[in-house]
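Student: How does the following fold in three dimensions:
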Amino acid sequence: CLHLTPPLHLPSMGVLTLVARSAVEGAAVWRHVVPPHRCTQLLLFSPSLAMLTSTALPYGLPAGISCTFPLIVEEQEEAEAWQRRSHEQLAQLIGQPIDGYVTLSFDRPAGLAPLIVQELPETVGSKVWRGAWLLWKALVELEALQGVRSVLELGAGVGLVGLLLATDHGLDVAVSETRTGYAGASVTWDNLVYNVELNAESASKTGGGVRALELDWTDK
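Tutor: Okay, here's the model as predicted:
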């Protein structure tokens, strides 16, 4: 059973305020990623709340806490408070709220438009796994896309592969997911729709297209 997604009104890439790690005087610090983004650039990011409530500790540990894990309760609470304070200080320095933290940034040689993809820690389907990179690389290196005009991706997750095919190769791509097929499926679905809408304009500029389809695997 396939269902077209309703249109969403989301901020454009240029409106998102993202930060990424940069090396400054030998130390890694978070810096504002200022648009416009390069046409070959791909940014993978996690929303601020997800980063600050995870075990990633983007701002490290405050002075006086050792790096021995797991932390005791008091040290864990202090570390979490340190993340929030550091986040708020950086937002004040930038002058606007921070939407997310870039966890991966790289250039695609065949990139024709920038891509910004959000991943979440809540479910298996909302993360980018190594298999996605391997699938994309295999399709390109094995020249499996010759003569292809349209693609249907099953179990698209965050939609990374489909978005790459649409923007780098000008293909008409439908990325599909179930909204109800497993626990947490609705989170994966909403995130997929978000990524499609966020990058739809970039895909169209390259002659490609991407849309999200709800595919209910349990519907016989």
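Student: Look up how far M51 lies from the spatially most central residue of the chain.
Tutor: Centroid-nearest residue in the chain, with Cα atoms, centre = their mean: Q118, separated by 2.2 Å. Applying Cβ to Cβ, to the nearest Å, the value for Q118 to M51 is 12 Å. To be clear about C-beta, it is placed using only N, CA and C from the backbone, and glycine gets the same treatment.
Student: what do you get for A183?
Tutor: A183 is 23 Å from M51, by Cβ to Cβ.
Student: higher neighbour count, those two?
Tutor: The neighbour comparison of A183 against M51 (other Cβ atoms under 10 Å) goes to M51, with 21 against 9.
Student: Could you list the low-confidence segments of the protein?
Tutor: For the chain, the stretches with pLDDT under 70 are 1-14, 25-26, 218, 220.
Student: Helices of that one, start to end?
Tutor: 48-52, 73-94, 130-141, 160-169, 185-205 (DSSP state H).
Student: Surely H37 and P114 touch.
Tutor: Yes - H37 lies in contact with P114 (Cβ atoms under 8 Å); the separation is 3.8 Å.
Student: related to what we said a few turns ago, could you name every residue contacting both of Q118 and M51?
Tutor: Common contacts of Q118 and M51 (Cβ atoms under 8 Å, 6 or more residues apart in numbering): G100.
Student: May I have the beta-bridge partners of the residue nearest to the centre of the chain?
Tutor: F45 (DSSP bridges).
Student: if I look at it, how far off is S46?
Tutor: Using Cβ to Cβ, Q118 is found at 7 Å from S46.
Student: Common neighbours of those two, please.
Tutor: With Cβ under 8 Å, 6+ apart, Q118 and S46 have common neighbours G100.
Student: Run a quick neighbour tally on W217.
Tutor: 15.
Student: whoops, S204 was the one
Tutor: 14.
Student: and what of the one 10 residues further on?
Tutor: Close neighbours of E214, defined as other Cβ under 10 Å, add up to 18.
Student: Over to I116?
Tutor: Count around I116 with other Cβ under 10 Å applied: 24.
Student: what's near enough to touch T103?
Tutor: 44-46, 119.
Student: can you put the residues you listed in CSV and add neighbour count and distance to E88?
Tutor: CSV is the format used below for the contacts of T103 (neighbours: other Cβ atoms under 10 Å; distance: Cβ to Cβ, whole Å):
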residue, neighbour count, distance to E88
L44, 19, 24
F45, 23, 19
S46, 21, 18
E119, 23, 23
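Student: Nearest to D99 among those residues?
Tutor: Closest to D99 out of those is F45 (8.0 Å), distances taken as Cβ to Cβ.
Student: And that closest one, how close does it get to N195?
Tutor: Counting by Cβ to Cβ, the separation of F45 from N195 is 11 Å.
Student: Name the residues contacting each of these two.
Tutor: 117-118.
Student: For the spatially most distant residue from the centre of the chain, give its distance to D168.
Tutor: Most distant from the centre of the chain: G64, at 33.5 Å, with distances by Cα atoms, centre = their mean. Per Cβ to Cβ, G64 is found 48 Å from D168.
Student: Cool, thanks, talk later.
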